[in-house]
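K.L.:
coordinates only, sequence not included:
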């Protein structure tokens, strides 16, 4: 049997799990997936590399394709990556031992395929640009609203990496210096400080603590213990005023960030991803309103602002797209087995 | 006589004058200059194209080199350029008739050389990166503080242009949304709104109107009629407290913009240019302090923040560097004579 299709593996490393999928490269079709495999990231890089290799092998064997038609493995990592060395410079969500880890080589030694690394949000942008809502565009900006705020930028089809792989930290843009912010490692007035998960919850909580009636309240002055961005999105979709106002606030600030990105990158498309994006138009409308007010007119006019199309798969799909991205670049040698 | 040196012409179009220089391409040495030639930009593109051609011819004949060793002409224009078409899409400092002007062709028809266009601030970045303080770097961000605030970004040696040439409007980054701003076409809380020429003067004026004693005051409560950023820089260098505090404020906001740029681009170098940069350390110290507080530590640590090295020549030198930049790209055809 001849098979002229080319396959790649996309893998997404999280603090808890690693997920891998075998993907038909041309179309982006997911042929097979590994089960969720524990990433054991807190137990150190060697064990994690073994877990990644296990997930990769699982996805390949699940699909029943020969390893010889698999071009390589892309791996999305939440941290600062030095792509040219296949190295994790820093992964703050893991432990201190995740500094200067040659993860591409560790995995490549086991899977016997070329392995490429990328930052997870950068790769989500590459995924949306290659296989998702941005397919066909060459200039894309992505913002993911999650525990923090991640970013990725595609310029003329290439990922923005900076001189040492640390670029596109769009959550760390200062957009409202001097404004209240909270939590984590975000600077006051940074986009992340203003709209990260905990900041969104706090925005709703403050309204509830004024005694507002809401689906999010437990009794007149109590905040639901399980208040999450998803619960806020759900309540907003059910028409809850407090939830809708919270999304208005969040959208206002995200829109400032989007405006800055439009003014900085002159992109064809800005993609909004992450859990709270489930609120759909209730979030997108204030984002677009705020972006329109603050972006240069001619640059705004030629840019679409849309929800991500790949959802949870953005990282995996971007990791899959990374193989062609890097092989076509050829300015550096990938980690070979 | 044989001459193996290659020459290019860099020209800088302003609202009042056009300046051109013949430059030895390898070293960036200015061999000859035209006098300042009136740009006649308010009289329309055709006349301006003739004036540009006159300045270009002047610089070449002044140098006494043969036109056959001149590779081409780069032209810096204050506006939104579509480089692939050699077209000025919009030049807000000129008149309404400066929309969709095929300026590269208009000039090329007269000078009988290939002509390339770029936005002036983008080209200042290319100039500093090729011939100035950033020589040897491949990832550079430039901010120019003048009447407005311009920006240029070099990524892996290439200018950031966006999908239609409008990128790198760094003055239009939102950095302190909600904060007071003034003047021009800048949004509230944008970097330009906070530190453009008029905003700097107003910052000093407010302090003076409180009755502060200062070199900038004319009597106890009067603002000097000739108050300019340069006068403020001079007074600061002479130890004037009001002027120094004004630069502290300006530096604080510029530093926020620099921090955002570091977080976004992971550059090797950020270059500060424009008239007020003459204040030197009195401006750079607060910029660096503010950038350090707000940038990601690892990205700040590998980035220098410095004054521009080319001064008024940044546009001309960047325009000269544009010829190699575009000829080596070869993804589009320049306007040939």
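P.N.:
Looks like it came in fine. Just so you know, these numbers come straight off a predicted model, no measurement behind them.

K.L.:
So what sits opposite residue A:12 in the bridge?
P.N.:
Note on residue A:12: beta-bridge partners by DSSP bridges are residue A:19, residue A:76.

K.L.:
Look up the closest residue to the residue of the stretch 201-337 of chain A found nearest chain B, ignoring the ones flanking it.
P.N.:
Ranking the residues of the stretch 201-337 of chain A by distance to chain B (CB to the nearest CB) places residue A:266 first, at 2.3 Å. No exception for glycine: its C-beta is placed from N, CA and C like everyone else's. Nearest non-adjacent residue to residue A:266, counting by CB to CB, 6 or more residues apart in numbering or on different chains: residue B:162, 2.3 Å away.

K.L.:
quick one on the thing from earlier: didn't the residue of the stretch 201-337 of chain A closest to chain B look like it was pressed against residue A:301?
P.N.:
No: taking contacts as CB atoms under 8 Å, residue A:266 lies outside contact range of residue A:301: 11.1 Å.

K.L.:
who's more crowded, the two?
P.N.:
Neighbour tally, residue A:266 and residue A:301, criterion other CB atoms under 10 Å in any protein chain shown: the higher count belongs to residue A:266, 26 against 10.

K.L.:
ok, now which ones touch the more buried one?
P.N.:
A:139, A:299, A:302-303, B:161-167, B:169 (CB atoms under 8 Å, 6 or more residues apart in numbering or on different chains).

K.L.:
Got phi/psi on it?
P.N.:
phi 40, psi 60 (degrees, to the nearest 10).

K.L.:
swap in residue A:117?
P.N.:
Taking degrees, to the nearest 10, you get phi -110, psi 150 for the backbone angles of residue A:117.

K.L.:
Give the buried residues for the helix or strand containing residue A:256.
P.N.:
Element membership of residue A:256 [criterion: DSSP states H and E] is helix A:241-265. For helix A:241-265, a neighbour-count test (16 or more other CB atoms under 10 Å in any protein chain shown) marks A:242-265 as buried.

K.L.:
Show me what from the stretch 201-337 of chain A comes close to chain B.
P.N.:
Within the stretch 201-337 of chain A, the positions near chain B by CB under 8 Å from any CB of the partner chain are A:253, A:256-257, A:259-260, A:263-268, A:293-296, A:298-299, A:302.

K.L.:
Please repeat the previous calculation with a cut-off of 6 Å.
P.N.:
Applying CB under 6 Å from any CB of the partner chain, one finds that the stretch 201-337 of chain A approaches chain B through A:256, A:259-260, A:263, A:265-266, A:268, A:294, A:296, A:299.

K.L.:
Kindly reformat those as CSV containing pLDDT.
P.N.:
Formatted as CSV, these follow (pLDDT from 0 to 100):
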residue, pLDDT
A:256, 96
A:259, 97
A:260, 97
A:263, 97
A:265, 98
A:266, 98
A:268, 98
A:294, 92
A:296, 93
A:299, 96
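
K.L.:
And those, which two are furthest apart?
P.N.:
The distance between the two most remote of those (CB to CB) is 20.3 Å, for A:256 and A:268.

K.L.:
Could you list the low-pLDDT ranges of the stretch 51-200 of chain A?
P.N.:
Where the stretch 51-200 of chain A drops to pLDDT under 70, the residues are A:179-187.

K.L.:
ranges for the helices of it?
P.N.:
For the stretch 51-200 of chain A, the helices defined by DSSP state H, counting those that start in this stretch occupy A:103-111, A:120-130, A:191-195, A:197-209.

K.L.:
Strands of chain A, start to end?
P.N.:
Applying DSSP state E to chain A gives strands spanning A:7-13, A:17-24, A:29-33, A:37-38, A:70-77, A:80-82, A:87-90, A:115-119, A:140-145, A:149-155, A:158-159, A:269-273, A:304-307.

K.L.:
Distance to residue A:237 and mean neighbour count added to these, as TSV?
P.N.:
Formatted as TSV, those follow (distance: least, CB to CB, whole Å; neighbours: other CB atoms under 10 Å in any protein chain shown):
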stretch	distance to residue A:237	mean neighbour count
strand A:7-13	27	28
strand A:17-24	27	24
strand A:29-33	28	17
strand A:37-38	33	17
strand A:70-77	29	27
strand A:80-82	36	23
strand A:87-90	38	21
strand A:115-119	31	28
strand A:140-145	16	28
strand A:149-155	22	27
strand A:158-159	34	22
strand A:269-273	16	26
strand A:304-307	14	18
